[in-house]
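J.: Provide a 3D model corresponding to the input given below.
(chains A and B)
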Amino acid sequence: DVKVTQSSRYLVKRTGEKVFLECVQDMDHENMFWYRQDPGLGLRLIYFSYDVKMKEKGDIPEGYSVSREKKERFSLILESASTNQTSMYLCATNSPSGETQYFGPGTRLLVL
Amino acid sequence: AQSVTQLGSHVSVSEGALVLLRCNYSSSVPPYLFWYVQYPNQGLQLLLKYTSAATLVKGINGFEAEFKKSETSFHLTKPSAHMSDAAEYFCAVSGSNQGGKLIFGQGTELSVKP
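T.: Just a heads-up that it's a prediction; the model follows:
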């Protein structure tokens, strides 16, 4: 089974803080994704990466950056957290065929 | 461009009743279609997927969905709801040439009454 882990289940940060959300997958997959989930909006893609050191903007990249230094790890960075970034953040990776995405358990971030 | 619309943000059924969650999509390329389920405080789990094989797709936990190209629909059904089916359900679409990027619907929360 594919395992996707996220560094924290819950985080509380203050406005203006720099926040790192880490995601690790154990299947040597090339593609990794970061989504945020908000009630009534479903999941929206923030950034994705097709390989080490490669990144592409998703639908809502503003206020976020990412880092992919190793194949198994994909980090989401909030340079200066704001209250409107309070959300659930989900990391995913997909199978080599690209058909199926596997999700981590999510990190619920509260920015005060 | 691709998009997904889930009709009804909340659906409530009685235990033992039919579950029907609606999903319509738009896609300019042959689509892959997915249903995911999310239980409280958990990530998303794949229920089933359509990838251009059989149009009637069977998934886990007794769910199935039918791809209807003429209606651009991929509705999720289960003949008899169980209390453990209470969760949020997401429909998603991906193009066959899009590297696995998914576009999600808004989600439908399913409640099951005893």
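
J.: and chain B, which of its residues are near chain A?
T.: By C-beta under 8 Å from any C-beta of the partner chain, the residues of chain B that approach chain A are B:4, B:6, B:9, B:32, B:34, B:36, B:41-46, B:49, B:51, B:90, B:92, B:94, B:98-102, B:104-107. The way it works is simple: take the backbone N, C-alpha and C, and place the C-beta from them, glycine included.

J.: What lies in contact with the host helix or strand of residue B:89?
T.: Assessed by DSSP states H and E, residue B:89 sits inside strand B:87-95. Around strand B:87-95, the neighbours that count as contacts under C-beta atoms under 8 Å, 6 or more residues apart in numbering or on different chains are A:42-43, A:98-99, B:2-4, B:6, B:21, B:23, B:25, B:27-40, B:44, B:47, B:74, B:76, B:100-105, B:107-110.

J.: From the centre of chain B outward, give me the first residue you hit.
T.: residue B:35 (3.4 Å; C-alpha atoms, centre = their mean).

J.: what's the answer for chain A, then?
T.: residue A:34 (3.0 Å).

J.: Give the buried subset of the residues of chain B next to chain A as a ChimeraX selection command.
T.: Typed into ChimeraX, the line below selects the buried ones among the residues of chain B next to chain A, using 16 or more other C-beta atoms under 10 Å in any protein chain shown:
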select /B:4,6,32,34,36,43,44,46,49,51,90,92,94,98,100,101,102,104,105,106,107
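
J.: Of the residues of chain B next to chain A, which belong to helices?
T.: Using DSSP state H, no member of the residues of chain B next to chain A falls within helices.

J.: correct me, but residue A:15 touches residue A:86?
T.: No - counting by C-beta atoms under 8 Å, residue A:15 stays clear of residue A:86, with 10.2 Å between them.

J.: okay, those two: which has more neighbours?
T.: Neighbour count, other C-beta atoms under 10 Å in any protein chain shown: between residue A:15 and residue A:86, residue A:86 has more, with 16 against 11.

J.: Hmm, residue B:108 and residue A:42 touching each other?
T.: No - in this structure, residue A:42 is not within contact of residue B:108 by C-beta under 8 Å, at 9.9 Å.

J.: Need the overlap of contacts for the two.
T.: Residues touching both residue A:42 and residue B:108 by C-beta under 8 Å, 6+ apart: B:6, B:90.

J.: contacting residues around stretch A:82-95?
T.: For stretch A:82-95, using C-beta under 8 Å, 6+ apart, the contacting residues are A:2, A:4, A:6, A:15, A:21, A:23, A:25, A:27, A:29, A:31-38, A:43, A:63, A:74, A:76, A:78, A:100-104, A:106-112, B:43-44, B:100.
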